[in-house]
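Engineer: sequence first, predicted coordinates after that:
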Amino acid sequence: MSTKTHKTPAALQIFGKKTELYFAILGGVFLIIGFILEKWTTLDFVVFGVAYILAYIFGGFFISVEAIKKLPKGEFDIDFLMIAAAVGAAYIGSWAEGALLLFLFSLGHALEHYAMNKAKKSIQALGNLTPKTAIVKENGHLKERPIETLNLKDVIVVKPHTKIAADGVVIKGASSVNQAPITGESMPIDKTSFTNVEALPAFEDLDRKHVVFAGTINGDESLEILVLKLSADSTVSRLVKMVSEVETQKSPTQRRTKKFEKWYVPIVISVVFILCFAFLVLPESFNESLYRAIAVLVAASPCALAISTPSAVLSGIARAAQKGVLVKGGKALEDLGVISTIAFDKTGTLTEGKPKLTHLIPFQNYSIETLAQVVLEVESLSNHPLAKAIAVDLKVKFNLEITDKASQMKAIQGKGVSAIFESQDVYIGNLKLMETSGIDVSDAVKAEMEGLLHGGHTVMLVALQNQIIGLISVMDVPRKTAASTLKRLKAIGIKHMIMLTGDHQNVGNTIAKQIGLTEVKGNLLPEDKVASIKKLIERDKKIAMVGDGVNDAPAMALSTVSIAMGAAGSDVALETADVALMSDKIENLPFVIGLSRASKKIINQNIFISLGVVILLVPVTIFGWTSIGVAVALHEGSTIVVVLNALRLLGFKND
Ligand SMILES: Nc1ncnc2c1ncn2[C@@H]1O[C@H](COP(=O)(O)OP(=O)(O)OP(=O)(O)O)[C@@H](O)[C@H]1O
Ligand SMILES: [Zn+2]
């Protein structure tokens, strides 16, 4: 009974989408007719038998179709057992009980499919977000075209209060855009136009205030948008594709139950087979033995167990999607539910990631303008968040233009950058960079650095021809919601919250003090971050890491659950993380952890219910203390209960 096999073939849906449900109900109706005729009339079997046979046909039709579909694949499962039980019941003349079995089983199935579809639909609703056509500006004329025909660099016009048809950059107009469909943020985001279209950076490097996504909704003003992604590659298309793949990643519990079923089902079949011959040793007829065997077969079938976990996982993932959180599969969902240690990247995760220039101090006899020009030219070649911030601020503050005098920029991971400026060597970065490049840093310079570091500034040294010519410092501010989020996490029982940063220890400490972390590890190279994660896993077994993928991708890959921030617009983060917060909202973290725990709890409850009913019913049926009818009702009832229990997750709220 894997969730995948639950599609009703389209050709069989003669009454539309609910054909399966109507068939089940018809099975029930004929069952009642047959039962009344049998018990309260003196009619012959020839008459009420017809009603029972019709009940069998309608109740058993879709189950048989499903079972036959699986035959060639060598899959043998519960559908077979149920059909066998019903046939056996007919053989011994217990038509009413056989029909009841088929009716309830098919009703349970139909409800289960309905429930699953409901969960899936709330995910797939994402796919219906994008409009089918876009208004394209071609040689000054406006033309409506299907979105599949849009090319990169086409310009589309988006009218007020309509959906945006493509991922791209705003090049004319300003408006506030409702991004809720993708990021779950309810507040509209202000978008302004990007003016320097000739020097357009890569999509990922564009400031989010200029970027729009297909499927989001324009506000009060008209916008012109330069298309930067083909419709098949848009964030929303990839999101939908990933969500539909999510189901194939089995959760640990799902894998465990599958394994269990593998040896359990053959045992059930053997025991039932042996019970058919109980009349050889017991004073009873073959029909009585068969009756008992059928009752045991119904009681022991792990129907509810098979659906316990997948229904909960799917509902959990659907609920997360409504909040703009993409959980990629049952494994991530279950793991996140047991985690008590979270490692955080600093820049862009706990902080805004948009540092502001605070100091520019020249040494030697350099003028501040010269220093500013050198730094601007070099940093404008790097796309590190620090570099971008520095370049923007220097341009404005000193009214400078880039003159392309720097070249051969090299990023030195966790340390800084090197480049050539007017055929001179330039290094910009931390103390480690200067040490490894053999550049002497005087005590006076170090003292100056120390002062700034204690104030929480990120300080970088600038060297030209092996001489320190100045320093530059920036300050990043914690996200406004970081402190309250960490407090919530602590309140829900996250014990260790560790910041891993490439920045100086002092800077890390200053930020940590403002927002409340349990531990700070500074001065880390990307490989040191990996080593830290390894140590944390040794200590706490399962850990989560939250990052933005900028210099923490290897560390994230190693953690049990990797959580990417602001994944809309960042391909790498969206693709590689186990959990993607589509928006930059770190406050979604306690929500998704709470949801994972609730899912885990519901999975456990479901397993308890389904195994409980089996454990209760099997001895009762073996000793013949109950009828097939009662076994059927309890057994199929438990299937319906676990599905309904799982659906509660669709309404999950924190607190
Ligand atoms: N483009 C750059 N220009 C100048 N200095 C840089 C640059 N890139 C890195 N550095 C220096 O290297 C240090 C470590 O950088 P890294 O990218 O590892 O981490 P980070 O951005 O400071 O913070 P986090 O690790 O929290 O994301 C920075 O603090 C900075 O001193
Ligand atoms: Zn099934």
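Structural biologist: Here it is on my side, so go on. Ligands and ions are numbered 1, 2, ... in the order given.

Engineer: return the residues of the stretch 501-650 of the chain in contact with ligand 1.
Structural biologist: By Cβ under 6 Å from any ligand atom, the residues of the stretch 501-650 of the chain that approach ligand 1 are T501, G502, D503, V550, N551. Glycine gets a C-beta too; all of them are placed from N, C-alpha and C.

Engineer: change it to 8 Å
Structural biologist: Within the stretch 501-650 of the chain, the residues that sit near ligand 1 (Cβ under 8 Å from any ligand atom) are 501-504, 507-508, 524-526, 529, 547-548, 550-552.

Engineer: and the helix or strand where T257 lies, what does it pack onto?
Structural biologist: Under the criterion of DSSP states H and E, T257 resides in helix 252-275. Helix 252-275 makes packing contacts with helix 78-91, helix 286-300, helix 303-322, helix 330-336, helix 588-622 when contacts are defined by 3 or more Cβ pairs under 8 Å, 6 or more residues apart in numbering; DSSP states H and E.

Engineer: ok so, going back, which of the residues of the stretch 501-650 of the chain next to ligand 1 has the most neighbours?
Structural biologist: D552 (30 neighbours; other Cβ atoms under 10 Å).

Engineer: and it, how far from T560?
Structural biologist: Here the criterion is Cβ to Cβ, to the nearest Å. By it, D552 lies 15 Å from T560.

Engineer: do K541 as well
Structural biologist: In terms of Cβ to Cβ, K541 sits 8 Å off from T560.

Engineer: what's the answer for E284, then?
Structural biologist: According to Cβ to Cβ, E284 stands 56 Å off from T560.

Engineer: same question, I607
Structural biologist: Counting by Cβ to Cβ, the gap from I607 to T560 is 22 Å.

Engineer: list phi and psi for the residue in the chain that ligand 1 sits nearest to.
Structural biologist: Closest approach of the chain to ligand 1 (Cβ to the nearest ligand atom) occurs at G502, with a separation of 2.1 Å. Main-chain torsions, G502, degrees, to the nearest 10: phi -80, psi -10.

Engineer: which parts of the stretch 301-450 of the chain are strands?
Structural biologist: In the stretch 301-450 of the chain, the segments counted as strands under DSSP state E, counting those that start in this stretch are 325-327, 341-345, 356-362, 406-412, 416-421, 424-429.

Engineer: and the stretch 151-300 of the chain, by the same measure?
Structural biologist: With DSSP E, counting those that start in this stretch, the ranges of strands along the stretch 151-300 of the chain come out as 155-158, 168-172, 175-178, 189-191, 211-212, 217-218, 223-227.

Engineer: any chance of TSV for the ones you listed, columns mean pLDDT and mean neighbour count?
Structural biologist: Shown next, in TSV, are the strands of the stretch 151-300 of the chain (pLDDT from 0 to 100; neighbours: other Cβ atoms under 10 Å):
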stretch	mean pLDDT	mean neighbour count
strand 155-158	92	20
strand 168-172	92	21
strand 175-178	88	19
strand 189-191	89	19
strand 211-212	91	24
strand 217-218	87	20
strand 223-227	93	23
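
Engineer: export those strands to TSV and tack on distance to K328?
Structural biologist: Converted to TSV, the strands of the stretch 151-300 of the chain look like this (distance: least, Cβ to Cβ, whole Å):
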stretch	distance to K328
strand 155-158	31
strand 168-172	26
strand 175-178	25
strand 189-191	25
strand 211-212	23
strand 217-218	26
strand 223-227	28
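
Engineer: quick one, which of these gets closest to Q413.
Structural biologist: strand 211-212 (26.6 Å; Cβ to Cβ).

Engineer: the closest one packs against which elements?
Structural biologist: Applying 3+ Cβ pairs under 8 Å, 6+ apart, one finds that strand 211-212 contacts strand 168-172.

Engineer: neighbouring strands for the strand it packs on, and are they parallel or not?
Structural biologist: Strand 168-172 sits in its sheet next to strand 211-212 (antiparallel), strand 223-227 (antiparallel), going by DSSP bridges.

Engineer: give me the contacts around it.
Structural biologist: Contact with strand 168-172 is made by 155-156, 191-195, 197, 200, 203, 206, 210-212, 223-229, as judged by Cβ atoms under 8 Å, 6 or more residues apart in numbering.

Engineer: same check on stretch 529-536?
Structural biologist: Outside stretch 529-536, the residues within contact range by Cβ under 8 Å, 6+ apart are 341, 343, 345, 496, 498, 500, 502, 521, 524, 543, 545, 551-552, 554-555, 558-559.

Engineer: buried sites along that stretch?
Structural biologist: Using 16 or more other Cβ atoms under 10 Å as the test for burial, stretch 529-536 gives K529, V530, S532, I533, L536.

Engineer: related to what we said a few turns ago, output the strands paired with strand 168-172 as CSV; include the columns distance to K356.
Structural biologist: As requested, the strands paired with strand 168-172 are exported to CSV (distance: least, Cβ to Cβ, whole Å):
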stretch, distance to K356
strand 211-212, 22
strand 223-227, 29
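
Engineer: among those strands, which is nearest V271?
Structural biologist: For V271, the closest of the strands paired with strand 168-172 is strand 211-212, at 62.4 Å, according to Cβ to Cβ.

Engineer: burial measure for the residue nearest to S437 when sequence neighbours are not counted, as a count.
Structural biologist: Of all residues not flanking S437 in the chain, Y427 sits nearest, at 5.4 Å (Cβ to Cβ, 6 or more residues apart in numbering). By other Cβ under 10 Å, the residues close to Y427 number 25.

Engineer: so what pairs up with Y427 in the strands?
Structural biologist: Per DSSP bridges, the residues bridged to Y427 are S418, A463.

Engineer: picking that back up, between K541 and T560, which has more neighbouring residues?
Structural biologist: The neighbour comparison of K541 against T560 (other Cβ under 10 Å) goes to T560, with 21 against 12.

Engineer: wouldn't the more buried one be in contact with A544 here?
Structural biologist: Yes - at 6.6 Å, T560 counts as touching A544 under the criterion of Cβ atoms under 8 Å.

Engineer: which among the strands of the stretch 301-450 of the chain is found nearest to K132?
Structural biologist: Of all those, strand 325-327 sits nearest to K132, with 24.0 Å by Cβ to Cβ.

Engineer: right, and H454 touches N506 too?
Structural biologist: Yes - using Cβ under 8 Å, H454 is in contact with N506, at 5.7 Å.

Engineer: who has more neighbours, these two?
Structural biologist: Counted by other Cβ under 10 Å, H454 and N506 do not tie: N506 has more neighbours, with 21 against 13.

Engineer: was I right to think the more buried one contacts L453?
Structural biologist: Yes - using Cβ under 8 Å, N506 makes contact with L453 at a distance of 4.2 Å.
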